[in-house]
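> okay, here's the prediction I keep looking at, along with the sequence it came from:
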Amino acid sequence: MFRFRALLSCLLAMVAFVLVSCGGPSRVEVPPTYTEAQIQKIQQYLPEIQSAYGRLDALGDAIQDRNWQEVRSTIRGPFGSMIQDLKYVTSNLLPADQKVAREISRDIFQDFIEIDQAAIATNTDAALRNFDKAAKDIDAFLGNLPEVAATVTEDPDAGGEDA
């Protein structure tokens, strides 16, 4: 009986050893996060995007007033720069966020092209319709940005000089 117990304990020890050695640790993936460099790049371009976004009212007024030269100049000036800034910001987003941001950026670009075409054709209705789409798309783009970048850049003068 003593031999049987010894043999059984050795057998159980070997089974436990094999199970533990073959099991291995489970693979835990750490979710991707933004690096400090990515956040700084996003923060570098975000004020320019927000500044152009602030000029949407002026663009809407120019469309309402049928001031087509002003409409076309504004699209090529501040909003042309904004589209470039959107591309820079998009390239610094996480891969999953980049796909959505690229789609929205393309939509914004297309909206401005259609506003420009409506200005050439002096079509106020089409210009206003695409203006509304552009405003919604810019809101969607800004909403897609990481919270860290958005909260830090909302008040760039916060924590200013204490002198």
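Now that the structure is in, tell me what you want to look at.

> use CA for all of it now, contacts and neighbours both
Will do.

> work out the gap between the longest helix along the chain and the centre of the chain.
Criterion DSSP state H: the longest helix present in the chain is helix 95-120. Here helix 95-120 is found 14 Å from its chain centre; the criterion is C-alpha atoms, centre = their mean, to the nearest Å.

> now do the buried residues in it.
For helix 95-120, the neighbour count (16 or more other C-alpha atoms under 10 Å) marks 98, 101-102, 104-105, 107-109, 111-116, 118-119 as buried.

> from the contact counts, what lies against the following helix or strand past it?
Once helix 95-120 ends, the next helix or strand along the chain (criterion: DSSP states H and E) is helix 124-144. Packing partners of helix 124-144 (3 or more C-alpha pairs under 8 Å, 6 or more residues apart in numbering; DSSP states H and E): helix 56-64, helix 95-120.

> kindly reformat those as a markdown table containing distance to Leu145 and mean pLDDT.
Listed next are the helices and strands packed on helix 124-144 as a markdown table, based on distance: least, C-alpha to C-alpha, whole Å; pLDDT from 0 to 100:
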| stretch | distance to Leu145 | mean pLDDT |
| --- | --- | --- |
| helix 56-64 | 20 | 94 |
| helix 95-120 | 8 | 95 |
